[in-house]
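Visitor: Got a sequence here, can you build the structure:
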Amino acid sequence: QVQLVESGGGLVQAGGSLRLSCAASGRTFGNYGLGWFRQAPGKERDFVAGISRKGGSTGYADSVKGRFTISRDNAKNTVYLQMNSLKPEDTAVYYCAASARYYSDYDRTYDFWGQGTQVTVSS
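Guide: Predicted coordinates:
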């Protein structure tokens, strides 16, 4: 069992930056592929970024490539999402998720989910 707790969300102006963190419980954090997803009001949950178990491989949605960076610190059981050049369309609840298999852009790959953190970007 893995428990995930996101933090770092908030209100920011367009063009600004935020760094989200997701702290995980458990001693097997390094065995999980990790992903960030987001869900805007009235929309489906979408993949944002993913990272492999040791951090050697990452993937991004086209909409965030070049602006967002996912990273992980297995010693701290934490995954991060650095978000730069934020746009109003980035407004959403952001979720981190852990997969016992591999990271993927498909949400059903993931076994555990956090409660989410709200990110609001004003124009």
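
Visitor: host element of the residue nearest the centre of the chain?
Guide: Nearest to the mean C-alpha position of the chain, by C-alpha atoms, centre = their mean, lies residue 36 at 2.4 Å. Here residue 36, judged by DSSP states H and E, is contained in strand 33-39.

Visitor: Sheet-wise, list the partners of that strand with their directions.
Guide: strand 45-51 (antiparallel), strand 92-99 (antiparallel) (DSSP bridges).

Visitor: On the strand side of things, show who the residue nearest to the centre of the chain bridges to.
Guide: residue 49, residue 96.

Visitor: Going forward, the N-terminal residue is numbered 10.
Guide: Understood, numbering begins at 10; the last thing we discussed is residue 45.

Visitor: contacting residues around it?
Guide: 29, 31, 56-59, 79, 88, 90, 103-106 (C-beta atoms under 8 Å, 6 or more residues apart in numbering). (Each C-beta comes from the backbone N, C-alpha and C, glycine too.)

Visitor: And the buried ones among the residues you listed, selectable in PyMOL?
Guide: Buried subset of these, written as a PyMOL selection, criterion 16 or more other C-beta atoms under 10 Å:
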select buried, resi 29+31+56+57+58+59+79+88+90+103+104+105+106
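
Visitor: before we move on, which element is residue 72 in?
Guide: Using DSSP H and E, no helix or strand contains residue 72.

Visitor: burial count for the spatially closest residue to residue 49 that is not a sequence neighbour?
Guide: Spatial nearest neighbour of residue 49, chain neighbours left out: residue 101 (4.3 Å); criterion: C-beta to C-beta, 6 or more residues apart in numbering. Residues lying near residue 101 (other C-beta atoms under 10 Å) number 22.
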